[in-house]
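In: Here you go, sequence then predicted model.
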Amino acid sequence: MATAPKRFRWGFLVVGALLVGMIVWLVYGNKKPARNNPSPTVAVTTTKASMRDFPVVVTALGAAQAWQGVTIRAQVNGRLLSVPVQEGAQVRKGQLLAEIDPAPYKAALMQAQGAERRDEASLEQAKIDLQRYQTLLAQNSIAKQQADTQGALVKQLEGTVMVDKGQVAAAQVNVNYTRIVSPVDGRVGVRLVDPGNIVSTSDTQGIIIVNEVSPIAVTFTVPQGDFQRLANLSNGFSKPLVTQALSQETNQPLGTGTLNVADNHVDQSTGTVQMKAKFPNGDRKLWPGQFVNVRLTVQTLQNAVTVPATAVNQGPNGPFVFVVDDSKARIQPVKVATTQDFTAVIQDGIKAGDTVVTDGQLSLRPGSKVRERGAGGAAGGREGKGKGQGQGKGKPPAS
């Protein structure tokens, strides 16, 4: 009776072992051996390092202003008779800009001239009397005191005539002030006061504004570090430095001038120095109040090796680039001299003609196979190449 249960248990154990063996075979025994898959080819954009003369520039935000700006104000009170210049017209130095009613000032001049002539006649008579008294005094015909009194009268009248001459000159100045002429060559702005109004010396608004725009000035500030470089380069600003003004909207050149004025102190609140450049502005592309970008060439690096700034990567050991040799990428540490206008100047590490990666670096590892992005496109062959060209239309070439 005991033999049957034992056989039953042994049967269960055998069946269980078979099931476990089948499961193990299904899980592990049916797998194909792993194959060593080759690393994928990475699509990148490349360009070649080039050698050229590279200008190192200082850039700043500047503002154009009139080389000379004059607000024409009344220097005498009176009625404004006329403003014989058109708004926006170009005027020359000495050209009539405005005229104030001169009648009261001409009358005052006439009174001063009359007083001067009267006192001059009195002085002349006093001198004749003095000469007569001196003759009589030499003959002991009159007392010396009488001759001295006459001499004092002559000096008194000389002083009176001198005062009269000053009053005539002052009256003449006021008459001259009724005709206002332009002190500079420039462009007239919008008229601020119309003829017929009473103008006064206390008016701060003025009658009209004349701005000299040819030449024109551009003012800007530079950090004190750049100021020192510019000072050394220009021998203490005794030698003018070439300055370029660019449009803020289009970055197109607006003119080339010279930097020849530097402020006499560093602004302690900003650590900057104000500079002033002079532009001929013959084509009138610069206008007072206009904001521009300013570029000053500090030096030109001869035969510099340059690459796009996007080719330079930052690593724990410093900057590096991916260089492509035989369709494989390798890491090349570099020393960057300067970066400017999306271009990096490489002082050491690569040479002109080396192929560097400018886009796609995040997918690269040392030794990765690479292909130029767009070559052998998604569909391959002519069709893939055509699609790649269509998508890249309008973009600049990689090299």
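Out: Arrived safely, thanks for sending.
In: Report how many residues lie close to the closest residue to Pro84 other than its chain neighbours.
Out: Excluding the flanking residues, the one nearest Pro84 by C-beta to C-beta, 6 or more residues apart in numbering is Leu96, at 5.8 Å. No exception for glycine: its C-beta is placed from N, CA and C like everyone else's. Residues lying near Leu96 (other C-beta atoms under 10 Å) number 14.
In: And for Arg73?
Out: Should you count by other C-beta under 10 Å, Arg73 turns out to have 19 residues around it.
In: Over to Ile72?
Out: Ile72 has 21 neighbours, counted by other C-beta under 10 Å.
In: Show me the beta-bridge partners of it.
Out: Beta-bridge pairing of Ile72 under DSSP bridges involves Ile208.
In: Which per-residue confidence value corresponds to it?
Out: Among the per-residue scores, Ile72 shows a pLDDT of 95.
In: Which parts of the protein are helices?
Out: For the chain, applying DSSP state H gives helices covering 3-24, 103-138, 144-177, 224-233, 381-391.
In: Run the chain-centre distance for the longest one.
Out: Which is helix 103-138. 64 Å (C-alpha atoms, centre = their mean, to the nearest Å).
In: between it and helix 144-177, what angle do the directions make?
Out: 160 degrees (axes from the mean of the first three to the mean of the last three C-alpha atoms, to 10 degrees).
In: in helix 103-138, what counts as buried?
Out: 104-105, 108-109, 112-113, 115-116, 119-120, 122-123, 126-127, 130, 133, 137 (16 or more other C-beta atoms under 10 Å).
In: what's the nearest residue to the spatially most central residue of the chain if we skip its chain neighbours?
Out: By C-alpha atoms, centre = their mean, the chain has its centre lying nearest to Gly62, at 2.5 Å. Computed as C-beta to C-beta, 6+ apart, the closest residue to Gly62 that is not its neighbour in sequence is Phe220, at 3.4 Å.
In: give the contact list for the one you found.
Out: Contacts for Phe220 (C-beta atoms under 8 Å, 6 or more residues apart in numbering) come out as Ala60, Leu61, Gly62, Ala63, Gln274, Met275, Ala277, Val294.
In: Drop anything exposed from these.
Out: By neighbour count, with 16+ other C-beta under 10 Å, the contacts of Phe220 hold Ala60, Gly62, Gln274, Met275, Ala277, Val294 as buried.
In: Any idea what the closest residue to the first one other than its chain neighbours is bridged to?
Out: If you skip the residues right next to it in sequence, Ala60 has Phe220 as its closest partner in space, 4.2 Å away by C-beta to C-beta, 6+ apart. The partner list for Phe220 in beta bridges (DSSP bridges) reads Gly62, Met275.
In: Could you tell me the per-residue confidence at Phe220?
Out: Per-residue pLDDT puts Phe220 at 95.
In: Repeat that for Pro366.
Out: At Pro366, pLDDT is 89.
In: what do you get for Gln340?
Out: 84.
In: what do you get for Thr59?
Out: As predicted, Thr59 sits at a pLDDT of 89.
In: Of all the helices of the chain, which one is nearest Thr204?
Out: Checking the helices of the chain against Thr204 by C-beta to C-beta gives helix 144-177 as the closest, at 17.3 Å.
In: average pLDDT across that closest one?
Out: Averaging pLDDT along helix 144-177 yields 95.
In: Write down the beta-bridge partners of Lys48, one by one.
Out: Thr355.
In: Now do the contacts for it.
Out: By C-beta under 8 Å, 6+ apart, Lys48 lies in contact with Ala352, Gly353, Asp354, Thr355, Val356, Ser399.
In: which of these are buried?
Out: Asp354, Thr355, Val356.
In: Let's see the pLDDT reported for the last one.
Out: Right, Val356. The model reports Val356 with a pLDDT of 94.
In: measure it to Val307 for me?
Out: 5 Å (C-beta to C-beta, to the nearest Å).
In: what is in contact with these two at once?
Out: Thr47, Ala49, Val321, Ile350.
In: Same list (those) but as CSV, adding distance to Gln86.
Out: Output for these, formatted as CSV (distance: C-beta to C-beta, whole Å):
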residue, distance to Gln86
Thr47, 56
Ala49, 59
Val321, 62
Ile350, 63
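In: now, which of these sits nearest Ala245?
Out: The closest of these to Ala245 turns out to be Thr47 (C-beta to C-beta; 30.8 Å).
In: how many other residues sit next to the closest one?
Out: Residues lying near Thr47 (other C-beta under 10 Å) number 18.
In: burial measure for Asn303, as a count.
Out: 9.
In: nearest residue to it other than its sequence neighbours?
Out: Met51 (5.5 Å).
In: One more: Gly271?
Out: What sits nearest to Gly271 in space, not counting adjacent residues and going by C-beta to C-beta, 6+ apart, is Gln224, at 5.4 Å.
In: where's that neighbour relative to Thr270, distance?
Out: 9 Å.
In: can you pull out the strands in the stretch 251-399 of the chain?
Out: Assigned by DSSP state E, counting those that start in this stretch, the stretch 251-399 of the chain shows strands spanning 253-262, 272-279, 291-308, 313-315, 318-325, 328-333, 335-340, 343-348, 355-359, 370-372.
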